[in-house]
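Novice: requesting a structural model of the entry that follows:
(4 chains)
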There are 2 protein chains.
Amino acid sequence: MFEVLFEHIDKKITLTKEEENKLTPFFIPKKYRKRQYVLQQGDICKYIAFVEKGMLRSFQVDDKGNEHVIQFAPEGWWIADNYSFLTGSPSSYDIDVLEDAEVLLITQTALEEMLQAIPVMERYMRILMQNSLISMQNRIACTLGSNAEERYQGVLKALPNIAQRVPQHMLASFLGITPETLSRVRRQLLKNS
Amino acid sequence: MFEVLFEHIDKKITLTKEEENKLTPFFIPKKYRKRQYVLQQGDICKYIAFVEKGMLRSFQVDDKGNEHVIQFAPEGWWIADNYSFLTGSPSSYDIDVLEDAEVLLITQTALEEMLQAIPVMERYMRILMQNSLISMQNRIACTLGSNAEERYQGVLKALPNIAQRVPQHMLASFLGITPETLSRVRRQLLKNS
DNA sequence: CTAAAATCTTGATCTAAATCAATAAATTTC
DNA sequence: GAAATTTATTGATTTAGATCAAGATTTTAG
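Specialist: As a prediction, this is how the structure comes out:
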């Protein structure tokens, strides 16, 4: 159950076998079924989730009822409403399951204890945040400087098989365009190749 | 010179007087004049900068020569091209000075040494990254779900005096709209109040 | 296996914001 | 303090992408 997490950690820092063993009890392994909610708007985000298998997604529902996909989290990704998790305020996002998933949950308290018990994990968390930051910054730069087609090509590079794994209208939402526009962009790209 | 930085750190963690003293030598204090470049596209970002005074900004120039403002960094903010800084690859951003500034620079190596010497700073850096991440995520959510006017109102809340401190066309660029559109949005808002 | 629900495509029309253009105001520079 | 440069405003026109609408295809559930 912890294979993907250990692999992920191992890319950034080195844990001794002992530290690895100390690590696991802080997490709650959990299985989720497709379409299940993991977090609902208004709830407090009690966990950060690491996806071992399957796919989750966070999104925001606006006043007109439109969904805006914030993040896709396939295996090897972390997902949460960081703001709610950190401040304990009600979440403005929803998180749900796109493909049956196995995740590792960790609470605020367990995280703090874990960082106390295994200080090198502070470093892992820092690097993690740093990397997320970079990809967010990149996404913002794309939104500012690129049109629908360029943004679509961009996401295909970042998440190569995402178009096969999520419904097109969710990908459209993630890109900040309508499903119709994405459909037209794809037709156009197919024609030119 | 370190007042603002210490204040900023103190909001997140506690440093002993001894740790504070150990901290300062890792930084290079530097003054910059308005319009000066701090980083140019293609250069490697050797420093993360903490702004003690004044204002910096990062932006990207696209193929058509249009500037896209990624971040404004007034006093109390960190700024860098994190990707270039971390990977050592050439930067795709520029950073320049909007108001005469005093900044504290820290190199990759000095940062690593600092984190070794004062381990609690790992925590500070992690929290820092986490907070940036939250505001970036929030910005993305705004870009996806809000129109020009709502986004303008949003940035006024986040950076209350930004409209007084930076030229309107830069604020427009930050919002992902043209200066003309921002001018019209502002006229509209004035009329309705 | 079939009905219902969800997803995708395509066309017609509309609209928020971009672009183009010209002038005005403010700021910087020498 | 006058000229040059930068910044902001306003109007006319265009356009990328949204919205509306209807049918086709695929997936899901009983």
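
Novice: what's around A:Tyr37, how many residues?
Specialist: 12 (other C-beta atoms under 10 Å in any protein chain shown). The C-beta positions use only the backbone N, C-alpha and C, and glycine is treated the same way.

Novice: for it, which non-adjacent residue is closest in space?
Specialist: Counting by C-beta to C-beta, 6 or more residues apart in numbering or on different chains, A:Tyr37 lies nearest to A:Asp96, which is 5.1 Å off, once chain neighbours are set aside.

Novice: hey, C-alpha coordinates of the strand or helix carrying the one you found in PDB?
Specialist: Secondary structure assignment for A:Asp96, by DSSP states H and E: strand A:94-107. Output of strand A:94-107 as PDB, limited to C-alpha atoms (Å, rounded to 0.1, in the frame of the first residue of the first chain):
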ATOM      1  CA  ASP A  94     -15.000  19.700  -3.500                       C
ATOM      2  CA  ILE A  95     -12.800  16.700  -4.000                       C
ATOM      3  CA  ASP A  96     -14.100  13.600  -5.600                       C
ATOM      4  CA  VAL A  97     -13.000  10.300  -7.200                       C
ATOM      5  CA  LEU A  98     -12.700   9.900 -11.000                       C
ATOM      6  CA  GLU A  99     -11.300   6.300 -10.900                       C
ATOM      7  CA  ASP A 100     -11.600   3.800  -8.000                       C
ATOM      8  CA  ALA A 101      -8.700   4.800  -5.700                       C
ATOM      9  CA  GLU A 102      -6.400   3.800  -2.900                       C
ATOM     10  CA  VAL A 103      -5.200   6.800  -0.900                       C
ATOM     11  CA  LEU A 104      -3.200   7.500   2.200                       C
ATOM     12  CA  LEU A 105      -4.700  10.100   4.500                       C
ATOM     13  CA  ILE A 106      -2.800  12.100   7.100                       C
ATOM     14  CA  THR A 107      -4.400  14.500   9.500                       C
END
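
Novice: report the angle between the axes of the helix or strand harbouring A:Arg123 and helix B:120-145?
Specialist: For A:Arg123, the element it lies in under DSSP H and E is helix A:120-145. Here helix A:120-145 points in a direction 30 degrees away from that of helix B:120-145 (axes from the mean of the first three to the mean of the last three C-alpha atoms, to 10 degrees).

Novice: now the residue nearest to A:Tyr37: how far from DNA strand C?
Specialist: Distance of A:Asp96 to DNA strand C, computed by C-beta to the nearest atom of the strand, to the nearest Å: 11 Å.

Novice: hang on, isn't that residue packed against A:Met55?
Specialist: No: assessed by C-beta atoms under 8 Å, A:Asp96 is found out of contact with A:Met55, at 10.1 Å.

Novice: between the two, which is the more surrounded one?
Specialist: A:Met55 (20 against 16).

Novice: and that one, what does it touch?
Specialist: A:72-75, A:97-99, A:101, A:165-166 (C-beta atoms under 8 Å, 6 or more residues apart in numbering or on different chains).

Novice: kindly indicate which of those lies nearest B:Arg184.
Specialist: Set against B:Arg184, the nearest of the contacts of A:Met55 by C-beta to C-beta is A:Phe72 (35.4 Å).

Novice: okay, and that closest one sits in which element?
Specialist: strand A:67-74.

Novice: same for that strand, what does it pack against?
Specialist: With contacts defined as 3 or more C-beta pairs under 8 Å, 6 or more residues apart in numbering or on different chains; DSSP states H and E, the packing partners of strand A:67-74 are strand A:47-61, helix A:162-165, helix A:168-175, helix B:120-145.

Novice: turn these into JSON lines, including distance to B:Phe27 and mean pLDDT.
Specialist: Listed next are the helices and strands packed on strand A:67-74 as JSON lines, based on distance: least, C-beta to C-beta, whole Å; pLDDT from 0 to 100:
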{"stretch": "strand A:47-61", "distance to B:Phe27": "32", "mean pLDDT": "95"}
{"stretch": "helix A:162-165", "distance to B:Phe27": "41", "mean pLDDT": "93"}
{"stretch": "helix A:168-175", "distance to B:Phe27": "39", "mean pLDDT": "96"}
{"stretch": "helix B:120-145", "distance to B:Phe27": "12", "mean pLDDT": "90"}
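
Novice: among those, which comes closest to DNA strand C?
Specialist: helix A:168-175 (3.3 Å; C-beta to the nearest atom of the strand).

Novice: state the distance from A:Gly76 to A:Leu128.
Specialist: According to C-beta to C-beta, to the nearest Å, A:Gly76 and A:Leu128 sit 12 Å apart.

Novice: these two - which one has more neighbours?
Specialist: Using other C-beta under 10 Å as the criterion, A:Gly76 and A:Leu128 rank with A:Leu128 on top: 21 against 14.
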